[in-house]
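Undergrad: only the shape, not the letters, is given here:
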């Protein structure tokens with residue numbers, strides 16, 4: 001027999017004992033001249049033990065989706081769209097051959113020989129024997 005369904009007294013939650021607080025006007029003088037105190041009782045509400053996660057998810061899940069989609073849209077329009085435009089503008093007038101030749105003349109590439117301009121022979125005291133930047 002399932003003890004949870006049996007309704008045993010040891011399984012029933014006990015209600016919280018009432019809190020006893022003196023009222024703000026606690027001192028009341030009775031007709032006999034002595035002080036009598038009034039008390040009021042207050043009971044705590046029982047905590048929700050079942051369905052708490054489902055209740056909180058029903059509240060927080062739509063908020064999370066709205067915040068996530070708004071963050072994604074803000075990132076798309078604030079970051080990625082301007083970046084795409086900048087790339088398109090850059091590659092509109094980009095000449096890769098011209099860029100390659102400029103890097104080759106600067107000596108960036110080691111596998112292809114450095115192209116020495118014809119007028120540089122007059123600036124150097126000795127002729128160029130090696131095209132490798134290290135002089136090998």
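TA: Thanks, I have it. All figures in this text were calculated on a predicted structure; none of them were measured in a lab. Residues are numbered from 1 along each chain as shown.
Undergrad: burial measure for residue 48, as a count.
TA: As a burial measure, residue 48 scores 9 neighbours (other C-beta atoms under 10 Å). Just so you know, the C-beta spots here come from the backbone N, C-alpha and C atoms, and that holds for glycine as well.
Undergrad: do the same with residue 100
TA: Neighbour count of residue 100, defined by other C-beta under 10 Å: 13.
Undergrad: how about the strands of the chain, start to end?
TA: Here the chain has its strands, by DSSP state E, at 19-29, 35-42.
Undergrad: rank those strands by pLDDT, which is bottom?
TA: In terms of average pLDDT, strand 19-29 trails the rest of those, at a mean of 53.
Undergrad: count of neighbours near residue 43?
TA: As a burial measure, residue 43 scores 10 neighbours (other C-beta under 10 Å).
Undergrad: identify the residues contacting the longest helix seen in the chain?
TA: The helix that spans the most residues within the chain, counting by DSSP state H, is helix 52-75. Contacting residues not belonging to helix 52-75 are listed as residue 48 [C-beta atoms under 8 Å, 6 or more residues apart in numbering].
Undergrad: any idea of the mean pLDDT for it?
TA: For helix 52-75, the per-residue pLDDT averages 96.
Undergrad: which positions in it come out as buried?
TA: For helix 52-75, the neighbour count (16 or more other C-beta atoms under 10 Å) marks no residue as buried.
Undergrad: repeat for stretch 94-105
TA: Buried residues in stretch 94-105 (16+ other C-beta under 10 Å): none.
Undergrad: pLDDT on that stretch, on average?
TA: pLDDT averaged over stretch 94-105 gives 89.
Undergrad: can you tell me how far residue 53 sits from residue 99?
TA: 59 Å (C-beta to C-beta, to the nearest Å).
Undergrad: before we move on, what about residue 86?
TA: Applying C-beta to C-beta to residue 86 and residue 99 gives a distance of 17 Å.
Undergrad: likewise residue 54?
TA: Distance from residue 54 to residue 99, by C-beta to C-beta: 61 Å.
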